[in-house]
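S.K.: Fold the stuff below for me.
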Amino acid sequence: MGTDIFHSVETLFKSGLHSSVVELYPFIASVNFSPLEVVNITLFQAASLQKLREFKRAEVEYREALHKIKLNLKQRNKNGEVDGMVFNEVEIKFRLHECFVGQGQTNQAVNFLQNIPVKQRTRKIHNALGKLYQQSGLEKPAISAYKEVLKECPLALDTLKSLLQLGVSTREIQEVVVEGHKLPSDISWYAAYLNSQAALYSKDYKTCIRECRSLEERPEMRGCVSVLVSQGLAHYWAGEDDQARLVLQRASSLDNMLLTGMDTLAAIYAKTGRATDLDLLASRLMSISEDRPEPWIALGHYCHLNKNYKRAVYFAHKACLIDTRNVEALLLKGNMFLDLKKFKEAMNHFREALQIAPNRFEAHKGMVDCNISLQRQREAITIATGACKQLGNSPRALTLYAGVLIKEPLSVARAKTLLERASSCGHLPAIYLLVEMLEREGAQDRAVELLRRTLVHQNSCRLQQLLADLLAKQGQEEAAMEHYGLALSLDPKNEGALNGLQKIEAASDGGLEASYDMEMAEIGSPHGSLGRGSPGPAHDLEDSETEAVWSDGDLNIMGGS
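M.R.: Got it, this is the predicted structure:
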């Protein structure tokens, strides 16, 4: 009887009917099974519970299975090996580690994997240990574990990326791969891929972009979304938002089920105010999977853009729970807390993002903004200085540093030097700040020259508006109106350009009105002036559009008086 029932339970488990296994389990607890069958049925129950994400109950059953193996089976086998089990002891311990990870108990997970003798550790155990060590900030053990994986599986590209993130050089990785003798001979793209990833994680973004483009030119790599995502990330991390958006959009169009990199695309849409694109992206990602952080990040950005902060915080927190090391999720939460003026909470998230990815400018900027908001000027300067060192004095880092220094009267000269250095690379935020500084100093001619020189190579609504503002102040109304028009052609809703244009038109209309009144007074008439106060013939007033305009103007003036 016990054997028949065992085979029925085994059939349920192998058929993937896990909820039925869990439902049946209490009814067969008193059946007289053999010791091996008892262990296997316990393992069926444990694995079914794990599949149903009931990790605590699964942990209890796995522990029970290990206990039964030790008491009832190993004493019958002097070698300690037990044949006929569904999972061996190493696999059971690995599954226990998965249950601990599912419960958020990282230390317990590490302990169980470390208890497995080194000679019995499989590649997936080394990989799991590497991830847990990396998550805990233990870099050397993580590198050792990952190298064991790469030695046996050189095409484990995710492991390769993790080693590069931990600072392992390309040469070291090549030595590990050669030592393993497992790289297929017909993989011609491997070296170029390795170089592109090494450049990405060593902040050499230009090299990464060049290598990715070279890879994509290969016939066998044409349209490879993984290469496009790496190129998009390199553009974004370098501060080239428009190029990053175009590349990631292309990757998304080639694979409409793509999730990797879409959190970055969502961040770009949010930064540039593309609410419709962000809405479509979030809806598409959510229809693909709810178990990855990218859909929740996209939803969070959409709610944040629409100032629905409560839902945005919830979605960002959901993403953090799914992947505790997702930098985009941490940055999203930090920026939302910053908008809500919860500066300490924001700093916690920006600080965590910096620990994971010190190459991310957004995390440095978030920390600086929080400290400035808390009026901690010295701390803000310290962080901005660190950003310059970490990011290799990039134009963005120099501009961030200058933005902090400019608030100190004694540091303005230093800030100006930094801005001139950053603006020489064509970095627009640096140019905007430098123009404002020159204007305050009264050096309007230099500011105009800088803007004209910049507009030769790149164009933006704000550049046109700033130039128009300066020209208007210098009395060059026609040129100012031309540049306001160019600004509005780029952004029809730009308030600065609209207001500037209205001021010029109002001043011009006022001048025309004054000259018109003077001319009418000089002409004279026996019936009095034909100007604004003249009764005149009724039909003349009706036929005159100009008079109608002046009358409307009079009504407005009187109404406002």
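S.K.: List the contacts of the residue nearest to Ser230 when sequence neighbours are not counted.
M.R.: Nearest residue to Ser230, sequence neighbours excluded (C-beta to C-beta, 6 or more residues apart in numbering): Cys212, at 5.5 Å. For every residue, glycine as well, the C-beta is placed using N, CA and C. For Cys212, the residues meeting the contact criterion (C-beta atoms under 8 Å, 6 or more residues apart in numbering) are 196, 227-228, 230-231, 234.
S.K.: Tell me the spacing between Glu505 and Leu200.
M.R.: Applying C-beta to C-beta, to the nearest Å, the value for Glu505 to Leu200 is 51 Å.
S.K.: same question, Phe33
M.R.: 55 Å.
S.K.: Please identify the helix or strand for the residue nearest to Ser230.
M.R.: Here Cys212, judged by DSSP states H and E, is contained in helix 205-216.
S.K.: quick one on the thing from earlier: the more surrounded of Phe33 and Leu200?
M.R.: Between Phe33 and Leu200, Leu200 has the larger neighbour count (other C-beta atoms under 10 Å), namely 24 against 19.
S.K.: hang on, the earlier thing: turn the contacts of Cys212 into TSV, columns for secondary structure and distance to Asp445.
M.R.: Below are the contacts of Cys212 laid out as TSV (DSSP: H, G, I helix; E, B strand; the rest coil; distance: C-beta to C-beta, whole Å):
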residue	secondary structure	distance to Asp445
Ser196	helix	46
Val227	helix	48
Leu228	helix	45
Ser230	helix	45
Gln231	helix	41
Ala234	helix	39
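S.K.: Top of those residues by number of neighbours, please.
M.R.: Among the contacts of Cys212, Gln231 has the most neighbours (other C-beta under 10 Å), with 28 neighbours.
S.K.: now Ala270, nearest residue through space, not along the chain?
M.R.: Nearest to Ala270 is His301, by C-beta to C-beta, 6+ apart, at 3.9 Å.
S.K.: Next, the buried residues of stretch 392-404.
M.R.: By 16 or more other C-beta atoms under 10 Å, the buried positions in stretch 392-404 come out as 394-404.
S.K.: now stretch 372-381
M.R.: 372, 379-381.
S.K.: Now render those as a markdown table, adding distance to Gly442 and pLDDT.
M.R.: A markdown table is the format used below for these (distance: C-beta to C-beta, whole Å; pLDDT from 0 to 100):
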| residue | distance to Gly442 | pLDDT |
| --- | --- | --- |
| Ile372 | 27 | 93 |
| Glu379 | 33 | 93 |
| Ala380 | 28 | 93 |
| Ile381 | 27 | 93 |
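S.K.: Let's see which of those end up in helices.
M.R.: Among the buried residues of stretch 372-381, the residues falling in helices (DSSP state H) are 372, 379-381.
S.K.: any idea how far the helix holding Cys212 is from the chain center?
M.R.: In this view, helix 205-216 has its centroid 21 Å away from the chain centroid, taken as C-alpha atoms, centre = their mean, to the nearest Å.
S.K.: List the buried residues in that helix.
M.R.: So, applying 16+ other C-beta under 10 Å, buried residues of helix 205-216: 205, 207-212, 215.
S.K.: Kindly report the same for stretch 158-168.
M.R.: So stretch 158-168, judged by 16+ other C-beta under 10 Å, has buried residues 159-166, 168.
S.K.: again with stretch 474-491
M.R.: Buried, per 16+ other C-beta under 10 Å, within stretch 474-491: 477, 479-481, 483-484, 486-488, 491.
S.K.: What of stretch 450-459?
M.R.: In stretch 450-459, counting by 16+ other C-beta under 10 Å, buried: 450-451, 454.
S.K.: can you list those residues in CSV and add secondary structure?
M.R.: Formatted as CSV, those follow (DSSP: H, G, I helix; E, B strand; the rest coil):
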residue, secondary structure
Leu450, helix
Leu451, helix
Thr454, helix
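S.K.: Please report how far His7 lies from Ala480.
M.R.: His7 is 88 Å from Ala480, by C-beta to C-beta.
S.K.: Can you classify Ser144 by secondary structure?
M.R.: Going by three-state DSSP: Ser144 is helix.
S.K.: wait, I meant Arg325
M.R.: Classified using three-state DSSP, Arg325 is coil.
S.K.: what's the answer for Asn393, then?
M.R.: Note that with three-state DSSP, the state of Asn393 is coil.
S.K.: pLDDT score for Ser185?
M.R.: Looking at Ser185, its pLDDT is 82.
S.K.: Assign it to helix, strand or coil.
M.R.: Per three-state DSSP, Ser185 ends up coil.
S.K.: next one: Arg53
M.R.: Recorded secondary structure, Arg53: coil (three-state DSSP).
S.K.: Now do Ser34, the pLDDT please.
M.R.: 86.
S.K.: what's the neighbour count on it?
M.R.: 13.
S.K.: Also Phe337?
M.R.: With other C-beta under 10 Å as criterion, Phe337 counts 23.
S.K.: ok, the closest residue to Lys151 other than its chain neighbours - contacts?
M.R.: Excluding its sequence neighbours, the residue lying closest to Lys151 (C-beta to C-beta, 6+ apart) is Gly180, at 3.9 Å. Gly180 makes contact with 150-152, 154, according to C-beta under 8 Å, 6+ apart.
S.K.: If we use 10 Å, what do you get?
M.R.: 147-154 (C-beta atoms under 10 Å, 6 or more residues apart in numbering).
S.K.: still on that earlier bit, in TSV, list the buried residues of stretch 372-381 along with distance to Lys416.
M.R.: Listed next are the buried residues of stretch 372-381 as TSV, based on distance: C-beta to C-beta, whole Å:
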residue	distance to Lys416
Ile372	19
Glu379	23
Ala380	18
Ile381	16
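S.K.: For Asn348, state which of these is nearest.
M.R.: Asn348 has its nearest neighbour among these in Glu379, at 14.7 Å by C-beta to C-beta.
S.K.: Test my guess that the closest one contacts Met367.
M.R.: Yes: judged on C-beta atoms under 10 Å, Glu379 makes contact with Met367 at a distance of 8.5 Å.
S.K.: Could you name every residue contacting both of those two?
M.R.: Met347.
S.K.: what ranges of the stretch 251-400 of the chain fall below the confidence cut-off?
M.R.: Counting by pLDDT under 70, the stretch 251-400 of the chain shows no low-confidence range.
S.K.: what about the helices in it?
M.R.: 262-271, 275-288, 293-305, 309-322, 327-339, 343-356, 361-373, 377-390, 395-405 (DSSP state H, counting those that start in this stretch).
S.K.: shaky segments in the protein?
M.R.: Ranges of the chain meeting pLDDT under 70: 1-2, 73-82, 509-561.
S.K.: can you give me the strands for it?
M.R.: With DSSP state E, there are no strands along the chain.
S.K.: circling back to that earlier point, and which of the buried residues of helix 205-216 is nearest Met347?
M.R.: Taking C-beta to C-beta as the measure, Met347 lies nearest Tyr205 of the buried residues of helix 205-216, at 26.9 Å.
S.K.: and that closest one, what does it touch?
M.R.: Counting by C-beta under 10 Å, 6+ apart, Tyr205 has contacts 199, 231, 233-240, 359, 394.
S.K.: ok, now with 6 Å
M.R.: 234, 238 (C-beta atoms under 6 Å, 6 or more residues apart in numbering).
S.K.: Could you do Ala413 as well?
M.R.: Here Ala413 is in contact with no residue (C-beta under 6 Å, 6+ apart).
S.K.: just curious, which of the buried residues of stretch 158-168 is nearest to Lys271?
M.R.: Closest approach to Lys271 among the buried residues of stretch 158-168 (C-beta to C-beta): Gln165, at 24.2 Å.
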